[in-house]
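>>> show me the folded form of this:
(one chain, ligands or ions: 1)
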Amino acid sequence: MKDKLGTISRTTSNMPDYDTFCSQFSWEKEYESLDGLPEGGINIAHEAVDRHANGDIGNTVALRWVRKDKSFEDFTYIDLKVRTSRFANVLDKLETQKGDGIFSLLGRVPSLYVAAIGTLKARAVFCPMFSVFGPEPAFQRLSKGKAKVLVTTTVLFENKIKQLLDRLPLLRTILLVDADCHIDDKVRSLSLLMSKAADYYTIKNTQPEDPALLHFTSGTTGMPKGALHVHRAVLTHFVTGKYVLDLHPGDVFWCTADPGWVTGTSYGIIAPLVNGVTNIVDEEEFDAARWYSILEEHRVNVWYTAPTAIRRLMRMDLMPLDSYDLSPLRLIHSVGEPLQAEEVVWGKKTYGMPICDNWWQTETGGIMISNYASMKVRPGSMGKPLPGIEAAIGEVEGEKVHLLTKPLEQGHLLLKAGWPSMFRAYLDEEERYKKCFKGQWYITGDLAKKDADGYYWFVGRADDIIKTSGHMVGPFEVESALMEHPAVAEAAIIGKPNAIIGELVKAFVVLESGFEANEATKLDIKGYSRKKLGPAIAPKEIAFIKRLPKTKSGKILRRLLKARELGLPEGDTSTLE
Ligand code: AMP
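You can find the predicted model right below:
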């Protein structure tokens, strides 16, 4: 087997010039780069695995799984084809029907990736859950998603699922990835079933609009809703993998996200495989030294991570280039939260390249706005719309949308509906789904601005906006300014109801090590932010906090800080992705 790891170092970008590329782009043309099923139609699993296994790169490493002890195991495209075919045959044997919900509750182990692709082969709908979920969030998702099959481990089953079985009458089968024998008719050994299954599977006719993936999302507010995606989404995964992540043949790619969050599925599974590169999967959680050694040892070319991790790396004060050979690394991307200008600049100082921010959400299924390898990065901006995506800033009043066209006007971030990976439903919540669209526009729920050159700047979630003394303040603006103060490692802003000014801006600050949590530090930060932001917007109150509450994907839970501040019920935060 010829391992192609690390054969590419510096390459030219797949999109040499943004404007030229936009003017020539068409989804139809890109669609032609996909293979399609022999019988017609399109299936994500075929594009991600079988197509490559049957072609020139069958022996290329598709997935490199790095175990907790740092030893690793490689799976070529051919290996993945065989394993996922077996999994699909197991589902057929269990009489799974097209569209049935197949859920996983697993850490980042190969079975998770095999189950995801095998499910898509069998035309069922895959829904990955975070393995750290307790019984209640698991129950909510399994019942809302009408799960028929759950893939998990013996321990997770015993501790979290067994107690729920009476409440989940539709859940027919539990497949245990680590059991040697079947427990009973319902709880079966996956390896035993796989060993008896044929290693060849013909994917049946799959239409682009057939459901494929279900992702529960709560953002940072509200209860989880199930966003449903279809097989056509693979076109967005292909296009963004190629032109945003700039994947080239022979590349090694690492997305640090868990598939329990949409980023870990769209970019931790589908996009790299569809683009035929080697995808690194790390079983372990964040650890700075480990991460740098993975980047070095596996010669990662493109690294996709999140601001929460970048901030933790920043706080460690390591200069990785002094101790690690990261020369194959040519592109770093980040998603999930605003990437502050300071963090982009830190990337340049630390890795020799700016960190590229990009924006999207569970509902969009893939990257929608981004900085690109060939485009000048403006620190603090999330970049420009993906070619083929029409974005705008607008005001929404009732059913009407009024577009704001002057530079830097603040409004709702809107996307023209109809891109391939757009969610097709909130499961069983038709009204809620309809409400997201006004005419031809999808309302993202975020506020943003567009500058005169077409770069987009994130302002905040519409729900998080603070109204103070007649000003509308986005938390991100204030948090970015605070983070420029040397004592501030992280900050979160909330609006605290106030009889005179509507809401008072309150900051929660995590201090850098070496700074004292005392009045003098508070005054210094207050003074600094007044100078930077003006007295109307600068925080009037500052509280020090050891750690900010966050979702599992690293987003700050401002709602929770507010509830605590006001002594309100906090709600069930264990369910937040
Ligand atoms: P989720 O669906 O859980 O991935 O959350 C999506 C939300 O995360 C978006 O609507 C934004 O509010 C936020 N988000 C994602 N990426 C960015 C980014 N690059 N800058 C600012 N906010 C972001």
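>>> residues contacting the closest residue to residue 200 other than its chain neighbours?
Distances taken as CB to CB, 6 or more residues apart in numbering put residue 85 closest to residue 200, at 5.7 Å, once the chain neighbours are dropped. (Glycine included, C-beta is placed from N, CA and C.) Residues near residue 85 by CB atoms under 8 Å, 6 or more residues apart in numbering: 118, 121, 197-201.
>>> in JSON lines, list those along with distance to the ligand, neighbour count and pLDDT.
Compiled in JSON lines, the contacts of residue 85 are given as follows (distance: CB to the nearest ligand atom, whole Å; neighbours: other CB atoms under 10 Å; pLDDT from 0 to 100):
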{"residue": "118", "distance to the ligand": "25", "neighbour count": "29", "pLDDT": "98"}
{"residue": "121", "distance to the ligand": "26", "neighbour count": "28", "pLDDT": "98"}
{"residue": "197", "distance to the ligand": "35", "neighbour count": "20", "pLDDT": "98"}
{"residue": "198", "distance to the ligand": "38", "neighbour count": "13", "pLDDT": "98"}
{"residue": "199", "distance to the ligand": "36", "neighbour count": "12", "pLDDT": "96"}
{"residue": "200", "distance to the ligand": "37", "neighbour count": "11", "pLDDT": "97"}
{"residue": "201", "distance to the ligand": "32", "neighbour count": "22", "pLDDT": "98"}
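>>> how about the residues of the stretch 401-550 of the chain by the ligand?
Counting by CB under 6 Å from any ligand atom, the positions of the stretch 401-550 of the chain adjacent to the ligand are 444-446, 458, 461.
>>> then the chain?
217, 219, 262, 335-339, 357-359, 361-362, 382, 444-446, 458, 461, 553, 577.
>>> if we can go back for a sec, just how off-centre is the helix or strand hosting the residue nearest to residue 200 within its chain?
Secondary structure from DSSP states H and E places residue 85 in helix 77-93. Here helix 77-93 is found 26 Å from its chain centre; the criterion is CA atoms, centre = their mean, to the nearest Å.
>>> just the CA coordinates for it, please, in CSV.
Output of helix 77-93 as CSV, limited to C-alpha atoms (Å, rounded to 0.1, in the frame of the first residue of the first chain):
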residue,chain,number,x,y,z
TYR,A,77,-10.7,4.1,1.1
ILE,A,78,-11.0,0.4,0.2
ASP,A,79,-11.1,-0.5,3.9
LEU,A,80,-13.8,2.0,4.5
LYS,A,81,-15.8,0.8,1.6
VAL,A,82,-15.8,-2.8,2.9
ARG,A,83,-16.6,-1.8,6.5
THR,A,84,-19.4,0.6,5.6
SER,A,85,-20.9,-2.0,3.2
ARG,A,86,-20.9,-4.5,6.0
PHE,A,87,-22.7,-2.0,8.2
ALA,A,88,-25.3,-1.3,5.6
ASN,A,89,-25.8,-5.0,5.2
VAL,A,90,-26.3,-5.3,8.9
LEU,A,91,-29.0,-2.5,8.8
ASP,A,92,-30.7,-4.4,5.9
LYS,A,93,-30.7,-7.6,7.9
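>>> next SSE downstream of that helix?
Using DSSP H and E, the next helix or strand after helix 77-93 towards the C-terminus is strand 101-105.
>>> can you tell me what sits against the next helix or strand after that following strand?
Later in the chain than strand 101-105, the nearest helix or strand by DSSP H and E is helix 110-121. Here helix 110-121 makes contact (CB under 8 Å, 6+ apart) with 43-46, 48-50, 63, 65, 73, 75, 80, 83-88, 90-91, 102, 104, 106, 125-126, 128, 151, 175, 177, 190, 201, 203, 212-213, 231, 259, 265, 269, 273, 281.
>>> and what of stretch 278-292?
4-5, 60-68, 70, 107-110, 113, 251-256, 268-269, 272-273, 294, 298, 300, 309, 312-313, 316, 318, 320, 323-324, 326.
>>> cool, and stretch 460-476?
For stretch 460-476, the surrounding residues in contact (CB under 8 Å, 6+ apart) are 219-221, 338, 410, 412, 445-447, 458-459, 477, 492-495, 498, 501-505, 536-537, 558-559.
>>> what's the answer for stretch 67-82, then?
Counting by CB under 8 Å, 6+ apart, residues outside stretch 67-82 touching it are 1, 3, 49-50, 52-54, 57-66, 83, 110, 113-114, 117, 199, 273, 276, 283-284, 290, 293, 298.
>>> now intersect these with the strands, please.
Among the contacts of stretch 67-82, the ones falling in strands (DSSP state E) are 61-66.
>>> count the neighbours of residue 129 for me.
Residue 129: 26 surrounding residues under other CB atoms under 10 Å.
>>> how near is the closest residue to residue 488 other than its chain neighbours to the ligand?
The shortest distance from residue 488 to any non-neighbouring residue, by CB to CB, 6+ apart, is to residue 482 (5.0 Å). As defined by CB to the nearest ligand atom, to the nearest Å, residue 482 lies at a distance of 17 Å from the ligand.
>>> fine, thanks again, bye for now.
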